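**Q** Predicted structure and sequence below. I'll ask about it afterward.
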Amino acid sequence: MGGPSRRAFFILLFVWATSLTAAQAPAPQGQQLPPPPAPPKPVIVHTVIGERQQLLTREFRPRLMSAMVPVGMPADNPPTEEKAALGKRLFFDKILSTDRTVSCATCHDPERAFADTKALAVGVSGRVGKRHSPALINRAFGRAHFWDGRATTLEAQVVQPISDRNEMDLPLEDAVARIAGDGAYRDAFQSVFGRPVSGEDLGRALATYLRTIRSTDSPYDRFVAGATDAMTPDQQQGLQIFRSKARCTFCHSEPLFTDEQFQNTGVAWQAETTSYLDDGRFMVSTQQRDRGKFKTPTLREIARTAPYMHDGSLATLEDVVDFYDKGGRPNQNLFPLIRPIGLTPTEKQQLIKFLEALSGTVTGK
């Protein structure tokens with residue numbers, strides 16, 4: 001290792017050691033955290049992990065969402081207000097379901113941070129899906145979509161529910177024909193894209209709208225920006241527990257509160273049959289080590305998106321905290337850092353109070 005690669009390695013090592021030292025020094029019980037200093041410019045580090053090249057962005061303090069840059073923005077789909085407006089209209093229109101009873105918003109309620117109150121998604125004719133509807137906030141920053149990560153762009157993700165039998169059950173070509181048969185939609189597509197309706201442009205319009213759905217200006221955001229009274233003492237103590245004793249940041253890294261990776265916490269494991277009820281990421285990768293892995297969801301707006309987990313099996317935040325405090329559900333693919341924590345009742349409540357501080361303003365409604 002030499003030259004830029006060697007320098008990048010030591011920069012990454014220094015940043016990692018700095019964050020680890022901070023995480024190992026929790027504040028005394030009841031003591032408020034000091035306000036963080038103004039964040040410096042991000043340190044961009046290129047490093048090789050395993051056999052994959054990854055771009056890692058690290059800062060010495062959490063960043064505000066406004067400082068984040070969307071990823072995976074296709075060059076052939078530049079955002080415009082008109083395109084986002086068209087995508088929003090389609091998102092709320094039941095025209096995209098076979099019997100015109102279901103829209104994208106049916107499972108992604110704006111008042112629930114674009115999530116759903118049902119444990120499992122329910123589509124046309126009351127058909128029950130296999131997984132819980134995930135929140136759509138901040139997907140502009142996502143690197144993989146769906147619980148198993150089978151879509152790597154929003155353009156690919158947004159059209160899949162349309163043809164899924166348990167969701168909207170309308171073949172994409174039929175959806176295109178139906179939209180093209182509507183004069184207002186036909187004119188809108190011609191105005192936005194300069195061409196007739198197509199499945200590709202349907203995906204581009206919906207994806208552009210999804211990129212406007214964001215969670216910002218939470219008490220957490222204001223606190224890390226320097227407003228020391230933005231979070232209560234309990235919430236501040238909960239943040240310290242989140243970063244240290246509970247080890248939450250290994251997967252729910254700030255400021256997005258997700259690492260966009262896939263982990264096995266044991267939710268899908270059935271001890272009585274020694275098998276997984278849902279193989280998760282394995283269905284995409286076909287790698288045995290990925291059985292039972294699911295994408296780490298964002299914790300932003302978490303207080304509004306119950307129930308939780310890929311199968312909606314945990315009803316409350318108290319249930320979630322208890323699940324992790326007990327060490328998840330042991331199985332052969334369990335993420336190594338999932339192990340019993342030993343939180344006190346007070347610490348559990350403080351952690352939950354902090355999670356509630358991740359709710360802010362949701363845009364795109």
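**A** Ah, there it is.
**Q** Now do the same contact list for P161.
**A** Contact partners of P161, counting by CB atoms under 8 Å, 6 or more residues apart in numbering, are C104, C107, E167, M168. Any C-beta I mention is one placed from the backbone N, CA and C, and that applies to glycine too.
**Q** continuing past the helix or strand that contains T106, what's the next helix or strand?
**A** Using DSSP states H and E, T106 sits within helix 104-107. Using DSSP H and E, the next helix or strand after helix 104-107 towards the C-terminus is helix 154-163.
**Q** buried residues in that following helix?
**A** Residues L154, E155, Q157, V158, V159, Q160, P161, I162, S163 are the ones in helix 154-163 that count as buried (16 or more other CB atoms under 10 Å).
**Q** likewise stretch 78-85?
**A** P79, K83, A84, A85.
**Q** mind checking the SS state of the third one?
**A** For A84, the secondary-structure state derived from DSSP: H, G, I helix; E, B strand; the rest coil is helix.
**Q** ok, now which ones touch it?
**A** T208, Y209, R211, T212 are the contacts of A84 under CB under 8 Å, 6+ apart.
**Q** Please apply the same query to the second one.
**A** Taking CB under 8 Å, 6+ apart as the definition of contact, the neighbours of K83 are V192, F193, R204, A205, T208, Y209.
**Q** Can you check the pLDDT for P39?
**A** Predicted confidence (pLDDT) for P39: 40.
**Q** Next: the one 4 residues further on.
**A** Model confidence at V43, given as pLDDT, is 30.
**Q** quick one: low-confidence parts of the stretch 51-200 of the chain?
**A** 51-72 (pLDDT under 70).
**Q** Determine the set of other helices and strands touching the helix holding T106.
**A** helix 81-91, helix 154-163 (3 or more CB pairs under 8 Å, 6 or more residues apart in numbering; DSSP states H and E).
**Q** What is the subsequent helix or strand relative to the last one?
**A** Elements were assigned by DSSP H and E; along the chain past helix 154-163, the next helix or strand is helix 172-180.
**Q** Show me what that next one packs onto, helices and strands only.
**A** helix 154-163, helix 183-193, helix 199-210.
**Q** tell me the angle the shortest one makes with helix 81-91.
**A** For helix 154-163 and helix 81-91, the angle between their directions (axes from the mean of the first three to the mean of the last three CA atoms, to 10 degrees) works out to 20 degrees.
**Q** Helix 154-163: how far from the chain's middle?
**A** 17 Å (CA atoms, centre = their mean, to the nearest Å).
**Q** One more: the longest one?
**A** Here helix 199-210 is found 19 Å from its chain centre; the criterion is CA atoms, centre = their mean.
**Q** Also stretch 82-97?
**A** Taking mean C-alpha positions (CA atoms, centre = their mean), stretch 82-97 and its chain are 22 Å apart.
**Q** With neighbour count, distance to G360 and pLDDT as extra columns, can I get the contacts of A84 in a markdown table?
**A** Shown next, in a markdown table, are the contacts of A84 (neighbours: other CB atoms under 10 Å; distance: CB to CB, whole Å; pLDDT from 0 to 100):
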| residue | neighbour count | distance to G360 | pLDDT |
| --- | --- | --- | --- |
| T208 | 27 | 22 | 97 |
| Y209 | 25 | 20 | 98 |
| R211 | 22 | 18 | 96 |
| T212 | 16 | 15 | 96 |
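**Q** which among those gets closest to F282?
**A** Nearest to F282 among the contacts of A84: R211, at 29.1 Å, using CB to CB.
**Q** before we move on, the earlier item: same list, the helices and strands packed on helix 172-180, but as TSV with distance to Q287 please.
**A** Listed next are the helices and strands packed on helix 172-180 as TSV, based on distance: least, CB to CB, whole Å:
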stretch	distance to Q287
helix 154-163	21
helix 183-193	39
helix 199-210	28
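**Q** which stretch among those helices comes nearest D311?
**A** helix 154-163 (17.6 Å).
**Q** and that closest one with helix 199-210, angle?
**A** Using the same axes, to 10 degrees, helix 154-163 lies at 110 degrees relative to helix 199-210.
**Q** what domains does the record give for the chain?
**A** The chain breaks down into these domains under automatic domain parsing: 81-210, 216-362.
**Q** what about the last one, average pLDDT?
**A** Regarding domain 216-362, the rounded mean pLDDT is 97.
**Q** Endpoint to endpoint, that domain covers what distance?
**A** 7 Å (CA to CA, to the nearest Å).
**Q** next one: that domain to chain centre, how far?
**A** 11 Å.
**Q** do the shortest one as well
**A** Its chain's C-alpha centre and that of domain 81-210 lie 17 Å apart, by CA atoms, centre = their mean.
**Q** Endpoints of that domain, how far apart?
**A** 12 Å.
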